[in-house]
Every structure is written in structure tokens, then in C-alpha cells.
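*Asks:* Build me a model:
(one chain, ligands or ions: 1)
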Amino acid sequence: MKKKILIPLLLIWILTSCTKDATPVTTNQKDSNTTEVDTSVIKKETSLTVSERCIWCWKCIRIAPENFKLNVETYKAEVISQNNINSTKIDNAIRSCPVKAISREEI
Ligand code: SF4
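*Replies:* Prediction:
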């Protein structure tokens, strides 16, 4: 009679002790081999452009001649170099343009 009660109790104890340490796997868990990319760290490229609004006033060329030149065929300023376009000099050139023809955009 004691055996009939002890065996099921023993089985229950074994089963509960085995499942205690098992951690449930959820669908939200990420694979440890997956590499996440932090997009805020990626440096975006910027590009300097002159639009059709240019009135050929020379201001940008005087401020940053290494980046701008006059195009005698189109009578517009044009960008000749994208070097140092985040510099203060380019900031000043953009600010001094009377028709806001110069833009520096992330691409
Ligand atoms: S400052 Fe503006 S309007 Fe003047 S040349 Fe440069 S882009 Fe053209």
C-alpha cells in the first residue's frame, strides 16, 4: 500500500525538480549571434550644392574659394570641392548668400 503512494509522489517530485531550472524561451529573445547596428553612430555624408537661385554675387567665392568658383557659362556659382564642408568657413558662405542658394544636405 505504501509503494502505491510513494511511487507517484516520487515521480511528481522528479518532474517538478527537472522543470524548475528550465528558462522559458520567448519569441522576443534575440539570437546571441545577431549583431545590432547602432544607426545613431553612423556618420552621414553631407553634400554641398548651389541652386539655380544664385545671382552671381561672388560672396561665397570670396569666403571659400577652395570650395566655390564661378561658372562663366551658367553665370552661377558652383561647388568645386566637398572638402571641409562642415567648417565655419562654409557656414559663413551659406549664411552670407543673399538668396539662400547654397545648401548642405545629408545624403
Ligand atoms: S553667395 Fe549665393 S548668390 Fe552669391 S555667388 Fe554664391 S551661391 Fe551665388
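*Asks:* can you give me the helices for the protein?
*Replies:* 2-20, 59-63, 88-96 (DSSP state H).
*Asks:* Lowest mean pLDDT across the ones you listed, which one is that?
*Replies:* Looking at the helices of the chain, the lowest mean pLDDT belongs to helix 2-20 (a mean of 59).
*Asks:* Tell me how many other residues crowd the closest residue in space to residue 78 that isn't next to it in sequence.
*Replies:* Nearest non-adjacent residue to residue 78, counting by CB to CB, 6 or more residues apart in numbering: residue 71, 4.6 Å away. Backbone N, C-alpha and C define where each C-beta goes, glycine included. When counting by other CB atoms under 10 Å, one arrives at 14 neighbours for residue 71.
*Asks:* Tell me the spacing between residue 71 and the ligand.
*Replies:* Remark: distance between residue 71 and the ligand (CB to the nearest ligand atom, to the nearest Å) = 10 Å.
*Asks:* Quick check, pLDDT for that residue.
*Replies:* Looking at residue 71, its pLDDT is 95.
*Asks:* Verify the stated contact: residue 44 with residue 106.
*Replies:* Yes. Using CB atoms under 8 Å, residue 44 makes contact with residue 106 at a distance of 4.4 Å.
*Asks:* The residue nearest to residue 78 and residue 88: what is the separation?
*Replies:* From residue 71 across to residue 88, the span is 25 Å (CB to CB, to the nearest Å).
*Asks:* I appreciate the help and will end here.
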